[in-house]
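> Next come a sequence and a model predicted from it.
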Amino acid sequence: GNSGGGKGGDLRFTAVPPNKDDALSIPHGYKSSVVVRWGDPVLPDAPEFDFDNQSAEAQSKQFGYNCDYVTMFPMGRDRALLWVNHEYTAESLMFRGYTDGSLASEEQIKIALAAHGGSVVEIERVGNGGEWKLVTSGRRRYNRRVTAHTPMRFSGPAAGSDLLKTAADPEGRKPIGMLNNCAGGTTPWGTVLTAEENIDQYFINGDKVPEAQKPFIARYTIPSGVPEDSRRFDRVEERFDLEKHPNEANRFGWIVEIDPFDPDSAPIKRTALGRFKHEAATTTLSRDRRLVVYMGDDSRYEYIYKFVSKDRYIPGFDRHNRTLLDEGTLYVAKFTGDSRDSEIDGSGKLPRDGEFDGSGEWIPLVSGDRSYVKGMSAEEVLVYTRVAADKVGATKMDRPEDMERNPVTGGVYVALTNNTNRTAAEADEANPRSANKHGHVLEIVERRDDAAEKSFSWSLPLVCGDPKDPATYFAGYDKSKVSPISCPDNVTFDRDGNLWISTDGNALGTNDGLFVMPVEGRERGHLRQFLSVPSGAETCGPMVTDDQLSVFVAVQHPGEVSGATPDNPASHWPDGAQPRPSVAVVWHGSNKKIGA
Ligand code: FEO
Ligand code: CA
Ligand code: CA
Ligand code: CA
């Protein structure tokens, strides 16, 4: 039952202390297992993983690298499809003796291309509790690898735009592959939305595009020339060289919709949702049942966006619902504080009214073929969305990453990971700390709790760091009873409305982890660490199952520590051998609700 009501009464576990262990550490009374690892067979004819004899052919059928967003599509009580993003590759940990992309073998580059994208795998419940495992025999008809080679299509108002046309695709409608898929979301009709984030790193010669294109290339931080750390994908696929194919970069940086139950379907890049370094695509319905998608752009001083569909969601009318992401309005957020500017000095000290809070508005950017931005066409707004948001005066945030709507209260929560570049002069009430190393969490309450509204109120329930640091805030809760937390990255809710936060880049010197915090009632702000991940890893994709018996996490880049190599690994998780990015599941030994 919903006895907690988001008030945290059911969260009785003892917090995992901050640590540097090369292990997945969980609270007393809980159990964990690894569900699927980099290299595990996904397609039924995939070979077993062999670290020292990896091939592109094998990788294209095996679980990819650096698992990120995780979501589940139930097929009855005890079977499900798991969708997992594969964000990026760490070649220096994947290959012995790897130095750089210029010296890499072509096979290594092809392995890296195949290790990107995402996976659909069938999983099954073990026994009657919260443990799940990979299905490793039988037909597994939905199992699928999506990679940097998968044929896709564009839809929405920018499909067919000149800005998306290339020599290989003169119609501008058929992009190949997806890259750097970080966070994501699901739709009410049972598909995945997966977000292409830092796509700049895959291209070279951004300075050799036509003059008119250069400011846009720069705004998306696409490198000039051939950077030393380039993976050199251009050595096996010429399209990654922008001197030869200047529009290719415009074909990445989108929200991609994938139907996990149709393994032959082409993934769809939904252009109506704009192009930036996408994070999250959290869907919800407005009061009149239009589809709303919340999205972040995870770089320093970037923006928070939302999309509101033109038409309504109609339960069961699949053909109609699948058009909703093609027509609607894209907005960007502007935050205004309610305290005096002089009270926001960058120190993180609370203003006199006791809260970092205020009001905000959603500024429209584009709606179908109609642009609301002076000097930019609708197609330009969709393809160069960052530039459009600059022009309308949106609020520059401290790395807006994942977003999630609380199923109990309706509040929309945003993880702002950090921004060490922000100066005291640049501090504002929504980003109140200069040199923000530890990040914060922002709550948006839409007017009338209606996700389609154009105005909202907001506050910061959590300003992260060591609770002993006066420049931290845990919603007013007794700071002697909370866990230290740094660099909130992904967020999710359980059905009781408790906020789960995973971290990336813990600047307090201990390992990253997963935390939980009630957001209502007397326990609001009582943040506790639920697990920690092995050395060098970040925690991604947290997902609490609907039955609340399991929490899944993606353990991304274990052992990714400066100077680590396969001959000198910084982690041996999970096999005691080379580190392997993996999805793990945690459950209570007596099958109690997660957090009990
Ligand atoms: Fe891929 Fe924003 O972390
Ligand atoms: Ca205030
Ligand atoms: Ca992330
Ligand atoms: Ca991250």
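Okay, I see it. Ligands and ions are numbered 1, 2, ... in the order given.

> all helices of the stretch 101-250 of the chain, in order?
Using DSSP state H, counting those that start in this stretch, the helices found in the stretch 101-250 of the chain span residues 106-115, 214-219.

> cool, and the chain?
56-59, 91-94, 106-115, 214-219, 318-321, 378-383, 385-391 (DSSP state H).

> Mean neighbour count and mean pLDDT added to the helices of the stretch 101-250 of the chain, as a markdown table?
From N, CA and C alone the C-beta is placed, and that goes for glycine too. As requested, the helices of the stretch 101-250 of the chain are exported to a markdown table (neighbours: other Cβ atoms under 10 Å; pLDDT from 0 to 100):
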| stretch | mean neighbour count | mean pLDDT |
| --- | --- | --- |
| helix 106-115 | 22 | 98 |
| helix 214-219 | 16 | 98 |
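
> Now tabulate these in CSV and tack on distance to residue 246.
Converted to CSV, the helices of the stretch 101-250 of the chain look like this (distance: least, Cβ to Cβ, whole Å):
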stretch, distance to residue 246
helix 106-115, 21
helix 214-219, 8
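
> Spatially nearest residue to the residue of the chain found nearest ligand 2, not counting backbone neighbours?
Here the chain gets closest to ligand 2 at one residue, residue 339, 3.7 Å apart by Cβ to the ion. Using Cβ to Cβ, 6 or more residues apart in numbering and skipping residues adjacent in sequence, the residue nearest residue 339 is residue 351, 3.5 Å away.

> ok, now residue 160?
residue 172 (5.0 Å).

> residues in contact with the one you found?
Residue 172 is in contact with 154, 159, 160, 161, 162, 163, 164, 165, 166, 247, counting by Cβ atoms under 8 Å, 6 or more residues apart in numbering.

> If any of the residues you listed are buried, give me the ChimeraX selection for them.
Selecting the buried subset of the contacts of residue 172 in ChimeraX, with 16 or more other Cβ atoms under 10 Å as the burial test, is done by:
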select :154,159,161,163,164,165,166,247
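
> before we move on, back to that, any idea how far the residue nearest to residue 339 is from residue 474?
Distance from residue 351 to residue 474, counting by Cβ to Cβ, to the nearest Å: 17 Å.

> And residue 67, by the same measure?
30 Å.

> Which residue of these two possesses the greater neighbour count?
residue 67 (29 against 22; other Cβ atoms under 10 Å).

> I'd say the more buried one and residue 556 touch.
Yes. Residue 67 is within contact range of residue 556, at 5.9 Å (criterion: Cβ atoms under 8 Å).

> tell me, what's touching the two both at once?
87, 540, 581.

> By neighbour count, which of those wins?
Of all these, residue 581 has the most neighbours under the rule other Cβ under 10 Å, reaching 33 neighbours.

> doesn't residue 559 make contact with it?
No. Using Cβ under 8 Å as the test, residue 581 is too far from residue 559 to be in contact (9.3 Å).

> anything in contact with each of these two?
residue 537.

> Enumerate the residues of the stretch 201-350 of the chain near ligand 2.
Contact residues, the stretch 201-350 of the chain versus ligand 2 (Cβ under 5 Å from the ion): 338, 339.

> can you count the residues close to the residue of the stretch 201-350 of the chain found nearest ligand 4?
Nearest residue of the stretch 201-350 of the chain to ligand 4: residue 298, at 6.6 Å (Cβ to the ion). Residue 298 is flanked by 25 other residues according to other Cβ under 10 Å.

> OK, contacts around it?
Residue 298 makes contact with 182, 197, 277, 279, 399, 400, 401, 417, according to Cβ under 8 Å, 6+ apart.

> Quick check: it vs residue 490, distance?
For residue 298, the distance to residue 490 - Cβ to Cβ - is 11 Å.

> joint contacts of the two?
By Cβ under 8 Å, 6+ apart, the residues touching both residue 298 and residue 490 are residue 401.

> which residues sit in contact with the residue nearest the centre of the chain?
For the chain, the residue nearest the mean C-alpha position is residue 183 (1.8 Å; Cα atoms, centre = their mean). Residue 183 makes contacts with 68-69, 85, 195, 197, 278-281, 296, 401-402, 490, 540, as judged by Cβ under 8 Å, 6+ apart.

> let's go with 6 Å and repeat that
Counting by Cβ atoms under 6 Å, 6 or more residues apart in numbering, residue 183 touches 69, 195, 279, 280, 402.
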